[in-house]
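# quick one, fold the following:
(one chain, ligands or ions: 1)
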Amino acid sequence: MSSLRFTKMQGLGNDFVVVDGVRQQVALDAATLRRLGDRHFGVGFDQLLLVETSSTPGIDFRYRIFNADGSEVEQCGNGARCFARFVVDQGLTDKTEIAVETARGVIYPRLEAGGDVTVDMGAPRFIPADIPFVAEADAVVHQLDVGGETVGITVVSMGNPHAVQVVSDVNNGAVERFGAAIENHPRFPARVNAGFMQVLARDEIALRVHERGAGETLACGTGACAAVVAGIRRGLLDATVRVHTRGGGLSISWAGEGRPVLMTGPAVTVFDGVITL
Ligand SMILES: N[C@H](CCC[C@H](N)C(=O)O)C(=O)O
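Residues are numbered from 1 along each chain as shown. Reported below is the predicted structural model:
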């Protein structure tokens, strides 16, 4: 039996188990991840974040991201803010602006004086390599057949794939009706995060996300980035948007093609713990 030290954290209710893989040896298989993520038999999390050193010059850390279903993924927005808070609070760095690589790209979290964290999430991508779906056409809105109904989605990669649709009301049942079916749609061989965006004003949206590998979460940082990018590409939103999630608010900015998406929001430590593996 071995034990694993961890810190439970949350960003707008999107909750994480954060593990220091710098000062402890960590090897977690998918079955163990699923058990740790179980909210009755384990600690419970939407994602587990594994912090490691990086051998890449100029990069401070690497962090790996695992969904509650055990799948490893490319990017996590709320997780990036919690990662930054974690490495500073744990004394793993004395920097407040950090360069961290993930499975798909380098991002740059910065701890703000007031406690929030701003992250340069990199530029969104719309190329087939990231989302095979767009190989068919370069349209901003694609029609997707979901169980005999047709929905209009905009696909955006923030490193991880998102399919965002505009709804008249985020509480109109679309999340429950389409979320899992879009996540597992055959047109997305690596599955996809399904976003549901209600436009409240050109600088304000409400958003719910059925996340790949976790189900609906109270907030999804990359989902908020993808929704704002989708809304701007569709001509519905201006460059800086307040995103209301069920867990609270995020500020997202995007200046257009080729430019990074900037995300600002909270990162909260809940407790430290030790679990027996
Ligand atoms: N479920 C996502 C990863 C976590 C993203 C989310 N928690 C965020 O804050 O961006 C995926 O499979 O791509």
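# so in that sheet, which strands flank the least confident helix or strand in the chain by mean pLDDT, and in what orientation?
One helix or strand of the chain scores below all others by mean pLDDT, DSSP states H and E: strand 142-146, with a mean of 92. Strand 142-146 pairs in its sheet with strand 149-157 (antiparallel), by DSSP bridges.
# what does the helix or strand following the strand it pairs with rub up against?
Where DSSP states H and E defines the elements, the next helix or strand beyond strand 149-157 is strand 161-166. Residues outside strand 161-166 that contact it (CB atoms under 8 Å, 6 or more residues apart in numbering): 130-131, 133, 144, 151-156, 174, 178, 182, 185, 188, 190-199, 212, 222-223, 226-227, 230-231, 234, 236. Backbone N, C-alpha and C define where each C-beta goes, glycine included.
# filter those down to the buried ones, PyMOL style.
Under the burial definition 16 or more other CB atoms under 10 Å, those of the contacts of strand 161-166 that qualify are selected in PyMOL by:
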select buried, resi 130+131+133+144+151+153+154+155+156+174+178+182+185+188+191+192+193+194+195+196+197+198+199+212+222+223+226+227+230+231+234+236
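# now, the contacts of strand 161-166 that are in helices?
Members of the contacts of strand 161-166 lying in helices (criterion: DSSP state H): Ala174, Phe178, Ile182, Thr222, Gly223, Ala226, Ala227, Ala230, Gly231.
# list the contacts of the fifth one.
Looking back up the chat, that one is Gly223. With CB under 8 Å, 6+ apart, Gly223 has these contacts: Gly77, His162, Val164, Asn193, Gly195, Leu207, Val209, Glu211.
# quick one: buried ones out of the residues you listed?
The neighbour count (16+ other CB under 10 Å) marks Gly77, His162, Val164, Asn193, Gly195, Leu207, Val209, Glu211 as buried among the contacts of Gly223.
# out of those residues, which touch the ligand?
Gly77, Asn193, Glu211 (CB under 6 Å from any ligand atom).
# turn these into JSON lines, including distance to Pro124 and pLDDT.
Output for those, formatted as JSON lines (distance: CB to CB, whole Å; pLDDT from 0 to 100):
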{"residue": "Gly77", "distance to Pro124": "12", "pLDDT": "98"}
{"residue": "Asn193", "distance to Pro124": "13", "pLDDT": "97"}
{"residue": "Glu211", "distance to Pro124": "17", "pLDDT": "98"}
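# out of the residues you listed, which are inside strands?
Asn193, Glu211 (DSSP state E).
# as JSON lines, the ones next to the ligand among the buried ones among the contacts of Gly223 with distance to Ala123 would be great.
Converted to JSON lines, those look like this (distance: CB to CB, whole Å):
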{"residue": "Gly77", "distance to Ala123": "14"}
{"residue": "Asn193", "distance to Ala123": "18"}
{"residue": "Glu211", "distance to Ala123": "22"}
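# my guess is Phe61 meets Val100, correct?
Yes. Look at Phe61 against Val100 with CB atoms under 8 Å: they come within range, at 4.7 Å.
# between the two, what contacts are shared?
Common neighbours of Phe61 and Val100 (CB under 8 Å, 6+ apart) are Ser54, Phe83.
# get me the contact residues on the protein for the ligand.
Close to the ligand, as judged by CB under 6 Å from any ligand atom, the chain has residues 14, 46-47, 67, 73, 76-79, 160, 193, 211-214, 217, 220-223.
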